[in-house]
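Asks: sequence plus the predicted model coming up.
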Amino acid sequence: MSTTAADEHHPSGIMRWVTTTNHKDIGTLYLWFSFIMFFIGGIMALIIRTELFQPGIQFVDPQFFNSMTTMHAIIMIFGVVMPAFTGLANWLIPMMIGGTDMALPRMNNWSFWILPFAFTMMLSTLFMDGGGPAGGWTLYPPLSLQTGDALPFVIFSIHFMGMSSIMGAINVVATILNMRAPGMTLMKMPLFVWTWLITAYLLIAVMPVLAGGVTMLLTDKFFGTSFFNAAGGGDPVLFQHIFWFFGHPEVYILILPSFGVVSSIIPTFARKPLFGYSSMVYATASIAFLSFIVWAHHMFTVGMPLAGELFFMFATMLIAVPTGVKVFNWICTMWRGAMTFETPMLFSIAFIILFTIGGFSGLMLAITPADFQYHDTYFVVAHFHYVLVPGSIFAIIAAVYYWLPKWTGHMYSEFWGKTHFWLSTIFVNVTFFPMHFVGLAGMPRRIPDYALQFSDYNQIATIGAFGFGFSQLIFLGLVIATIRGGATATDRVWEDAHGLEWTLSSPPPYHSFTTPPNVEDEWNWFTREHYETVKTRS
Amino acid sequence: MKSSSNISALKLCFFAVAMFGFGYALVPLYDVLCDITGLNGKSDNVTQQQQANFEVDESRTITVEFITTLNQGMSWDFEPETTKMQVHPGKSYQASFFVKNKTNRSIVGQAIPSVAPFSAANHFIKTECFCFNNQLLEAGQSLEMPVVFVINPALPKHVKTVTLSYTYFDVSNTVNKSINNIDNT
Amino acid sequence: MKQKYLVRSVSSLLGLMTIASQNVWAEIQPYNMTEGVTEISKQVFDLHMVIYYICCVIGVLVFGAMAISIFRDRKSKGVTPAKFHESTALEFIWTALPFVILIGISIPAAKVLIAMEDTSGADMTVKVTGYQWMWRYEYIDNDIDFYSILKTPRDEIYNRAEKNENYLLEVDKELVLPTNRKIRILITSNDVLHAWWVPDLALKKDAIPGYINQVWTYIDKPGIYRGQCAELCGRDHGFMPVVARALSPEDYDAWVLEQGNKNMASSESSIESSGQKVKNIKAAINTQAALEN
């Protein structure tokens, strides 16, 4: 399937990147931004782990330590995972649906350029009077209202990040609903597009609620309102409800695109179609729906009526069901396939195993009476790092390995890719597995110093963290090397990859699918090769 | 194709704005839910008329505990006259609290009540309370403040102890100095 | 033939792991949740272990299936990929079965939660107030009132002296509680959010300024039980431990008497008793009234 010759003229130099409305350029910008923030957030993590290497205060003041934990989380969530997935969405969605570009290209440009501005503001707060925000990324009042000069800048920065996400999400929905090539029905879309469609709705629904909540913090501090101050008839717990109403769907925003990535990669390397496509769509939609009714499981110790505790326990346990369905479907995709284990496949398999382990600790946390012992301990830290690092981050890395040859036209070095994989996987477990145990043994979160019985496992975790951090330099080197050169990649790149993006050249033209592609050809090629019967689906 | 994208975008913008409004709507929603469930000890929504119809339940004795707390920076003495009282549901009782401004400047205080357990909060009705207003105490001034309350006989059977807790906050900065003051008795 | 071999080796491996895990158990014990010293804490521990075992079983099945597939379904072995790609029956089974397992877990969990909520019939009440960065304990029935502050010397924290056994988990004045009596604990805060947590009692509740939370406990065994603040509350969040010393009822009563005597004897107690304050205020009001007349 060839593309028509497109006009390749575009501005060059810095202005190209500043003014671009091209989805490929903007995707690249998001991905590089995310990669830079990954190292910044990673350095903060290493500062945290350095202090925690041994009991005692050795390196940083406890207040600065708290600002490191706070900023590390804000950067990783809003500056790494979300922009990375948005970058993947920008690069891939138009190509996957046979469209020319995103629906709203100029808004797309603003969506990106807000981010460096917002994060410069956020990082600059570390140098302000009173230091950066140090009340946790969850910003609970009254503590967050004790932040010094930094508070308004933190809040404005969050507003900007929110606006960027909302605009990006609007663009994704408008693109998917309006720009699909003829014949690309919703149930023929790649699962990556489905997961992003659902994620985009979640973003539009909950980012504004976060904006409302942090605005209330702002007015409580500066304009005499009492949303969270009992003296004025308010309640600190109200903030927690508002925050987690955003916060829980947010964590699904952080993971659903990963599910889409893994659902793209496994079938290619198993040489089998994705098992249970419709179930995967319904499961993703169920997870998104359920994510709205479980938020208080982050607040079990706040003092809730029994009925509330029971409801949120049941609802949270329920989310395990559609998530499990997805895992089973991936395994059935592998089952009786003919697998090869290139780097994207390795990261995807590790994702399934390690994300599932994170899911197990999540199920344990859902049990309210047990949660009273786990809440605000390292058990929770272990849980969310398992679902976010070998979860979201590994999926992002897998996606980059999988599609980089398409984007650049060059193959990456499989040797270095596998090296990166094994080092990352080993060190990620060395870092986070011990945290389950120190949490169970009684170590609280967000402390710069700890009792002696927690020493050994903290030391192990720190060593793992440094190993993991330095391993990512391999990835950096590999990405740069692949952009600059390497073995030439074919159009199809991976022998059994299917989807419209693989019908384009590697690299694809600056404007692809200026003439809509023939969706049926690609669909029939795949089903003829891989389905028992040739199916035509509506 | 382009204008349909614009229409989608516009609809989604409305959705985003609506969710922002929803965030703010959560504030009164929370209060409503607290009133209904008694969550966080926010209490009483029974009318005067209904209170007049309470039947005193002599067969049941509830222990009412009185707890006082001072919030950060509130330099008053704040004590209950008695920490425990045995009461019958349906009957009206009075408890006294004492405050003294130990500093050399006038301070406006606001007491915030909280009732535990949550299941009791809706049934603990204060007909007169110093927490309804704030109090201005001059330097060194002392005050005795009554609370008149009645426990709704509909209080769940398993509840035998109810704790009424007051936290005093310094609201001098946020309140006009000329406000209500409960008379010294 | 090869498949039989594979299945056999996997099962023997699992068997070995089960046996090994018993021996590993004793070593792991300090790193597991505590069983604690109350009926509730034991029930919580049991719940924890049950859900953990269920996760282990599911994990073995799921990861086992993956392992079999990874070893068997390789292109390098020359296999042809199958073509199946959906099964409504399977989707139904692996939706319904987990659902049933979850119902199974939620019933005992709900039971424990309901038991934890019943604060009636307490023999005594202690009010706990969180401060930045210490705890304050007030015994409502006895007019005992004191702050509980971290005792670990700064020299130990800043690595100028060797750390002692209870580093960061020791306080100047412990919360003293009786065993074998139902104790009600009220929790609030003076400033920001804190959380009062004692793992051995399986008690953790947030301390919220302006609001009062309550928990109850019934301690079976005398001993010292150490916990920490469990809600980020600022710079020294990691430096405000909770230490509860449980004494037999007789020893506890003796301790209470001793505190009362101390209050009377000492003219410079750090906190004036509640009763004393009320007397002083009443006197002051009478004086005010007299002056006004």
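Replies: Received the coordinates, thanks. Predicted model only: the values in this text are computed from it and were never measured. Numbers count the residues shown, from 1 in each chain, chains lettered A, B, ... in the order given.
Asks: contacts for stretch C:50-60?
Replies: Counting by C-beta atoms under 8 Å, 6 or more residues apart in numbering or on different chains, stretch C:50-60 makes contact with A:356, A:357, A:360, A:363, A:364, A:367, A:370, C:14, C:101, C:105, C:108, all of which sit outside it. C-beta coordinates here come from the backbone N, C-alpha and C atoms, glycine included.
Asks: 6 Å - rerun?
Replies: With C-beta atoms under 6 Å, 6 or more residues apart in numbering or on different chains as the test, stretch C:50-60 has contacts from A:360, A:364, A:367, C:105.
Asks: neighbours of the first one, how many?
Replies: When you say that, I think you mean residue A:360. With neighbours defined by other C-beta atoms under 10 Å in any protein chain shown, the count for residue A:360 comes to 22.
Asks: tell me what the helix or strand it falls within is packed against?
Replies: Following DSSP states H and E, one finds residue A:360 within helix A:343-366. Packing contacts for helix A:343-366, counted by 3 or more C-beta pairs under 6 Å, 6 or more residues apart in numbering or on different chains; DSSP states H and E, involve helix A:236-270, helix A:306-334, helix A:378-387, helix A:394-408, helix A:414-440.
Asks: from the middle of its chain, how far away would that helix be?
Replies: Relative to the centre of its chain, helix A:343-366 is centred 14 Å away, using C-alpha atoms, centre = their mean, to the nearest Å.
Asks: ditto for stretch A:460-479
Replies: Centroid separation between stretch A:460-479 and its chain, computed with C-alpha atoms, centre = their mean, is 19 Å.
Asks: how about the helices and strands packed on helix A:343-366 in CSV, adding mean pLDDT, mean neighbour count and distance to chain B?
Replies: Written out in CSV, the entries for those read as follows (pLDDT from 0 to 100; neighbours: other C-beta atoms under 10 Å in any protein chain shown; distance: least, C-beta to the nearest C-beta, whole Å):
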stretch, mean pLDDT, mean neighbour count, distance to chain B
helix A:236-270, 97, 25, 5
helix A:306-334, 95, 21, 7
helix A:378-387, 98, 23, 24
helix A:394-408, 98, 24, 25
helix A:414-440, 97, 20, 28
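Asks: any chance of JSON lines for those, columns distance to residue A:81?
Replies: Supplementary listing: the helices and strands packed on helix A:343-366 in JSON lines, determined by distance: least, C-beta to C-beta, whole Å:
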{"stretch": "helix A:236-270", "distance to residue A:81": "5"}
{"stretch": "helix A:306-334", "distance to residue A:81": "18"}
{"stretch": "helix A:378-387", "distance to residue A:81": "11"}
{"stretch": "helix A:394-408", "distance to residue A:81": "7"}
{"stretch": "helix A:414-440", "distance to residue A:81": "15"}
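Asks: columns distance to chain C on top of those helices, output as CSV?
Replies: Converted to CSV, the helices and strands packed on helix A:343-366 look like this (distance: least, C-beta to the nearest C-beta, whole Å):
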stretch, distance to chain C
helix A:236-270, 6
helix A:306-334, 5
helix A:378-387, 9
helix A:394-408, 16
helix A:414-440, 4
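Asks: can you list the residues of chain B near chain C?
Replies: Proximity of chain B to chain C, by C-beta under 6 Å from any C-beta of the partner chain, involves residues B:40, B:67, B:69, B:71-72, B:77, B:79, B:83, B:98, B:100, B:112, B:114, B:116-117, B:142, B:144, B:158, B:160, B:165, B:167.
Asks: list only those of those residues flagged as buried.
Replies: Buried members of these, scored by 16 or more other C-beta atoms under 10 Å in any protein chain shown, are B:40, B:67, B:69, B:71, B:77, B:79, B:83, B:98, B:100, B:112, B:114, B:116-117, B:142, B:144, B:165, B:167.
Asks: which of those fall in strands?
Replies: Per DSSP state E, strands hold the following members of these: B:67, B:69, B:77, B:79, B:98, B:100, B:112, B:114, B:116, B:142, B:144, B:165, B:167.
Asks: which among these are in contact with chain A?
Replies: Contacts with chain A are made by residue B:112 out of these, judged by C-beta under 6 Å from any C-beta.
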